[in-house]
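# Turn this into a structure:
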Amino acid sequence: MNGDRDICHVCGMPANPVVESVEYHKMFFHFCSEQCRETFLENPGLYASKPAAERKEILKRRTLHLAEPPDEEVATLLTSYLKELMGVKEVEVEGDRLHVSYDLLQVTEAQIEEALTEAGLQLDDSWRERLRRAWVHDTEEIELKNLTAKPGACCNKPPPGSSK
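Next up, the predicted model:
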């Protein structure tokens, strides 16, 4: 490996040759994990435009409600399991609440929820919590899409070079 092949384009860690590369606009991008590959595929324009080292973090802190409070051993395992996800900074279990801080450019709440489901934990399934989670998913998706958008006309003025 050499040059950009050594670096994951999402998180900046060394790329793993086992993880399948992605061709985007006739360039190949390499990743350290399947999580980073999936993150890239969701918003390739965001990650192809700047190397990971040049992007700033977008920190989020969310509270997820679990169906029931985990016992102390499960809470400890859950904390270490989530911290293995790329971009997860802090995890704290407080009764049936799970507080998570993460970098939105590396992981989304939807991916964290998926990891919880894979670990066998159930989230609170009340309509209020389902609605809140859907709102957060939509908000995060919009925020990421906005980061990839090219600047356009501002303040009701036509873009430079256009005729009125």
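# okay, CA-based contacts and neighbour counts for the rest of this
Fine.
# ok, the residue nearest to residue 31 when sequence neighbours are not counted - how many residues close by?
Taking C-alpha to C-alpha, 6 or more residues apart in numbering, and ignoring the residues beside it in sequence, residue 31 has residue 8 as its nearest neighbour in space, at 4.2 Å. For residue 8, the count of nearby residues is 24 (other C-alpha atoms under 10 Å).
# Contacts made by the helix-or-strand element of the chain with minimal mean pLDDT with the rest, please.
Least confident element among the helices and strands of the chain, by mean pLDDT, DSSP states H and E: helix 44-49 (a mean of 81). Taking contacts as C-alpha atoms under 8 Å, 6 or more residues apart in numbering, the residues outside helix 44-49 that touch it are 9-10, 24, 40, 144, 147-148.
# so the residue nearest to residue 31 makes contact with residue 14?
Yes - with contacts counted by C-alpha atoms under 8 Å, residue 8 reaches residue 14, the gap being 5.8 Å.
# residues in contact with the residue nearest to residue 31?
With C-alpha under 8 Å, 6+ apart as the criterion, the residues that contact residue 8 are 14-15, 29-32, 36, 52.
# for residue 39, same thing?
Contact analysis of residue 39 by C-alpha under 8 Å, 6+ apart lists 10, 106-107.
# Residue 136 and residue 149, how far apart?
For residue 136, the distance to residue 149 (C-alpha to C-alpha, to the nearest Å) stands at 20 Å.
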